[in-house]
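**Q** My questions concern the predicted model and sequence given below.
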Amino acid sequence: MPEHTMILEGDARVPEYLTGDLQSRLAYLDERLERASVAPEGDRVVLSFGSLPDSAQIQAVEAKVRRVIEAMVRGAVRPREKVLEDRLDRPVPSKVDPMPALAERGEVVPEEKGVAVLGPLLARLMDFFEIAFLDLARGFGARPYRFPTLISAELLDRVEYFRSFPHSITFAAHLRPDLDVIEGFSADARIESNALHVAPASFSPINTVLSPAVCFHYYGALSGSRLAEGVCATAVGNCFRYESSNLISLERLWNFTMREIIFVGPKDFVLESREEARKRVAPLLEAWGFAYRVEGASDPFFVGEFKRQSAFQSAFQLKYEIRALVPHRQGTLAVGSYNYHQDFFGRHLDIRLEDGSPASTGCVAFGLERLAYAFLAQYGLDPARWPEAVRGALA
């Protein structure tokens, strides 16, 4: 299907530090949108559509673009840049996108946009990283947990997730437990325009969604608790964040896997644990040969919350990302993060210390598919070129 392109040139430039965030938000501009990009200079937006919009639709899209830019740019302040580790200049042998070779070998078999079956090489790499992070968690005395793929909608509402990240929610629904509804669906179910045809009235009210993060389950389990001391937990789980046209290769999947190490307790305990985790992860990344940087970051808040929340995270240094080099596109990819939530979850979920004050929380999170992808982007698919620490473990 041919693409139809719109080029919009703004009256004012978008600051360089906002162009990446703006581009990711434009993916949610219009459901007909195939792709969106922002010029590095911030003075031009390019939108690609699968079908040609009419004049009224073009005007509506232009108005949305202006609305998003206005919401993000007005009053925006350049975030404080803080780099804790910088090994981006580490030499790596590959400058080739590994995705074509992975697809050719059957290592990545797409099922839907952002959903893929991963083959033995990727599975073994992910297991290797995951086991190392599990050992790291054990060093903190972390208690192991298994969390469900579904998460309570009521729990996410209590922590204001629907306000901050409405664009990324994946809903879980089931048919109403009514014989007529079930028989009607069974008789009429069909795929139309690549989507399952079903009447919205057939669904029961939504009580659960697919979990966007591992740590929320643990905070929910601690709701109403009084903690005598800091606690640490760890779990691995499937996470779901819909990213529209931003879903590309293994860099951004709708369904992905995260191992988290979670800290709950007094502020000093959480901050010291987060910093100690960073210090213990650094030698692992070094042994695995990663070219990477650890730098301050913010979460992908929705447009209405972006300015306030991202500025807050930046000012208080609440989030740092491990950004691995992706040589073939001369960019980086977040493969992990070190997060401090202050007492947000303690207040909203009534998790308290012995003195009655809200507990602080933090987590260290690793995206396993992204780690495997970034490693292959840096070292290729031939194990002979891999660092010994990885090659030897997977031999």
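**A** Perfect, thanks for sending it.
**Q** Where does pLDDT dip in the chain?
**A** 1-3, 10-12, 75-77, 79, 299-317 (pLDDT under 70).
**Q** tell me the domain ranges of it?
**A** Following automatic domain parsing, one gets these domains for the chain: 4-73, 83-149+212-394, 171-202.
**Q** Which one of the ones you listed lies nearest to Y161?
**A** When the domains of the chain are compared for distance to Y161 using C-beta to C-beta, the nearest one is domain 83-149+212-394, at 7.1 Å. C-beta here means a position set from N, CA and C on the backbone, and glycine is covered the same way.
**Q** So what's the residue count around G356?
**A** 7 (other C-beta atoms under 10 Å).
**Q** hang on, I meant R138
**A** 14.
**Q** how about the helix or strand it falls within: buried residues?
**A** Using DSSP states H and E, R138 maps to helix 120-139. Under the neighbour-count criterion of 16 or more other C-beta atoms under 10 Å, helix 120-139 has L121, L122, L125, M126, F128, F129, E130, A132, F133, L134, L136, A137 buried.
**Q** could you pull out the helices for the protein?
**A** Using DSSP state H, the helices of the chain run over 16-26, 55-73, 99-104, 120-139, 153-158, 161-164, 179-188, 215-221, 267-287, 303-315, 344-348, 368-379, 388-394.
**Q** could you measure the spatially closest residue to A395 that is not a sequence neighbour against G392, distance?
**A** Nearest non-adjacent residue to A395, counting by C-beta to C-beta, 6 or more residues apart in numbering: P383, 7.6 Å away. According to C-beta to C-beta, to the nearest Å, P383 stands 10 Å off from G392.
**Q** who's more crowded, the two?
**A** P383 (13 against 10).
**Q** Next, the contact list for that one, please.
**A** R391, L394, A395 (C-beta atoms under 8 Å, 6 or more residues apart in numbering).
**Q** And L175, by the same measure?
**A** V181, I182, F185, S202, F203, S204.
**Q** And for F375?
**A** F375 makes contact with L125, W288, G289, F290, A324, V390, according to C-beta under 8 Å, 6+ apart.
**Q** how much space between it and R90?
**A** In terms of C-beta to C-beta, F375 sits 13 Å off from R90.
**Q** which neighbours do those two share?
**A** With C-beta under 8 Å, 6+ apart as the test, F375 and R90 both reach G289, F290.
**Q** wait, A173 sits on A201?
**A** No - taking contacts as C-beta atoms under 8 Å, A173 lies outside contact range of A201: 11.8 Å.
**Q** Looking at those two, which one has more neighbours?
**A** When A173 is set against A201 and neighbours are counted by other C-beta under 10 Å, the residue ahead is A173, at 14 against 7.
**Q** Now that one: closest residue in space that isn't a chain neighbour?
**A** Nearest non-adjacent residue to A173, counting by C-beta to C-beta, 6+ apart: F203, 4.6 Å away.
**Q** count of neighbours near that neighbour?
**A** 15.
**Q** now D268
**A** Residues contacting D268 under the criterion other C-beta under 10 Å number 10.
**Q** let's number from 140 now, not from 1
**A** Understood, numbering begins at 140; the last thing we discussed is D407.
**Q** I'd like the buried residues of helix 259-278 as TSV, with distance to R205 appended.
**A** Shown next, in TSV, are the buried residues of helix 259-278 (distance: C-beta to C-beta, whole Å):
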residue	distance to R205
L260	46
L261	42
L264	44
M265	42
F267	47
F268	43
E269	44
A271	47
F272	43
L273	48
L275	46
A276	46
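**Q** Out of the residues you listed, which is nearest to E493?
**A** Once C-beta to C-beta is applied, the member of the buried residues of helix 259-278 that ends up nearest E493 is A276, at 25.0 Å.
**Q** quick one, what contacts the closest one?
**A** Each residue near A276 by C-beta under 8 Å, 6+ apart is listed here: P283, C371, T373, R398, I400.
**Q** Can I get these in JSON lines including distance to V353 and neighbour count?
**A** Output for the contacts of A276, formatted as JSON lines (distance: C-beta to C-beta, whole Å; neighbours: other C-beta atoms under 10 Å):
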{"residue": "P283", "distance to V353": "12", "neighbour count": "11"}
{"residue": "C371", "distance to V353": "14", "neighbour count": "21"}
{"residue": "T373", "distance to V353": "9", "neighbour count": "23"}
{"residue": "R398", "distance to V353": "8", "neighbour count": "25"}
{"residue": "I400", "distance to V353": "10", "neighbour count": "28"}
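**Q** so what's the residue nearest the centre of the chain closest to, chain neighbours aside?
**A** For the chain, the residue nearest the mean C-alpha position is R380 (6.5 Å; C-alpha atoms, centre = their mean). Spatial nearest neighbour of R380, chain neighbours left out: S307 (4.1 Å); criterion: C-beta to C-beta, 6+ apart.
**Q** hang on, the earlier thing: the residue nearest to A534 and L386, how far apart?
**A** Plainly put, P522 is 29 Å away from L386 if you go by C-beta to C-beta.
**Q** How about C378?
**A** Separation of C378 from L386 (C-beta to C-beta): 14 Å.
**Q** more crowded one of these two?
**A** C378 (22 against 17).
**Q** now F286: how far from Q469?
**A** F286 sits 37 Å away from Q469, going by C-beta to C-beta.
**Q** Between the two, which has more neighbouring residues?
**A** Neighbour count, other C-beta under 10 Å: between F286 and Q469, F286 has more, with 21 against 8.
**Q** Share the number of residues neighbouring G404, please.
**A** For G404, the neighbour count with other C-beta under 10 Å is 21.
**Q** Equivalent analysis for G280, please.
**A** G280 has 10 nearby residues by other C-beta under 10 Å.
**Q** for E250, same thing?
**A** Applying other C-beta under 10 Å, we find 9 other residues in the vicinity of E250.
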